[in-house]
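Asker: here's my sequence, what's the structure:
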Amino acid sequence: MICEATSLTKYIDKSPRLFFIFGPEIILKNTSIDQINEFYKKNGFTEKKAIFEKDFKDIERILIENAGGSLFGSKTIIEIFHNGGKIPKEITNIFEIPNINKMENIVIIIRSAVEKINQATKWVKKMNDISLIVQCAKLKPYEEKVWVKDKLTFMNEEDAKNYTDRITDMFSGNLVAQNNEINVLKLTYSEESNNVDIGIDDAEFLPYQLEDKIIELNTNYALRISKSIKKNDDHYGPLLVFIMGKIINTSVSAYQNINTNSSLEKAGIWKSKIPAYVNFIKKNTLKKMMPLQKKVYELDLAAKGLAGITKDQFWQEIDNMIIDLTSN
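Answerer: Numbering: from 1, shown residues only. The predicted model follows:
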């Protein structure tokens, strides 16, 4: 059985515990997998396993072993990551395992990088018979509006309609940017702010206050600062990029040093801020921080007009990075 990602809720409780997720829209892939994980977590599947390419040779063994259940009676969600190229035989062979769709102790989610499948091929026909295939295609404009409005249920009806129009007009065809804007709204919206630009208030802040609020993991306050500076002093945009770059580079350096406090002192961090930095570093992994170094470089280029993005997109990316830095 095949369904569109936007219709997954209609099928998730009626389908076998075997899912194949594919298509070009990364946000729909992510939300589909989140939906599946959340649904089965509520139904007792408390363990998770991930299978990457290096372990593909062991896929069948891993599935069979986990199908027997754990020693503690827990059930397992197994995610298989196919990151590119032709679908390997190790994955298509899954659909040949006897009763694979009836194994009660495992949920199998295959996340594939392929954007299209040929429904006439033998393995796809077999997959269609025993699994739910979730297609994550690019949305048409009217579908985007429905998708955004469905995610704005925390607003009253009138505000949801207004923000839906605003978000889809500003970021037409870009579900990633639309989703990021929704995430910002979840943190900043209140009915009292009706008809006010997102996140804008009358307070004014100094750019260096952003450092304090980021290392304190205060997402809402940090977003207030960026929104206020955008409104009142948008020429400080490059300085905000510099500040976030300083936080990221200082943290990465501290990760790689045996003595965190000493590393922070050598980086010129004030002693009064070191405890907050230490807590910030504990809450953010090196794996999470390393890609953000590249993002800072890209934002620096954007601040200099060398990245081909609009002013609104530049400030949106600043907000996105604040959320990344302050959210677990």
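
Asker: using the record's assignment, carve this protein into domains.
Answerer: The chain breaks down into these domains under automatic domain parsing: 2-135, 139-198, 199-328.

Asker: can you flag the weakest of the ones you listed by average pLDDT?
Answerer: For those, the weakest mean pLDDT is recorded on domain 139-198, namely a mean of 80.

Asker: one step back: could you dump the domains of the chain into TSV with mean neighbour count added?
Answerer: The way it works is simple: take the backbone N, C-alpha and C, and place the C-beta from them, glycine included. What follows is those, written out as TSV (neighbours: other Cβ atoms under 10 Å):
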stretch	mean neighbour count
domain 2-135	16
domain 139-198	16
domain 199-328	16
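
Asker: need phi/psi at the residue sitting furthest away from the middle of the chain.
Answerer: Largest separation from the mean C-alpha position in the chain: Pro98, at 34.6 Å (Cα atoms, centre = their mean). Main-chain dihedrals, Pro98, degrees, to the nearest 10: phi -60, psi 130.

Asker: quick check: it vs Ile130, distance?
Answerer: Noted for Pro98: a distance of 11 Å to Ile130, by Cβ to Cβ, to the nearest Å.

Asker: then His82?
Answerer: His82 is 18 Å from Ile130, by Cβ to Cβ.

Asker: next one: Asn261
Answerer: With the distance defined as Cβ to Cβ, Asn261 ends up 56 Å from Ile130.

Asker: likewise Glu38?
Answerer: 23 Å.

Asker: ok, now Val252?
Answerer: 45 Å.

Asker: and what of Lys161?
Answerer: Applying Cβ to Cβ to Lys161 and Ile130 gives a distance of 41 Å.

Asker: cool, Phe52 as well?
Answerer: 24 Å.

Asker: Phe45 and Asn66 touch, don't they?
Answerer: No - Phe45 lies out of contact with Asn66 (Cβ atoms under 8 Å); the separation is 10.8 Å.

Asker: need the three-state assignment for Lys49.
Answerer: strand (DSSP: H, G, I helix; E, B strand; the rest coil).

Asker: nearest residue to it other than its sequence neighbours?
Answerer: Ile78 (4.7 Å; Cβ to Cβ, 6 or more residues apart in numbering).

Asker: again, but for Gly23
Answerer: Nearest non-adjacent residue to Gly23 (Cβ to Cβ, 6+ apart): Cys136, at 3.3 Å.
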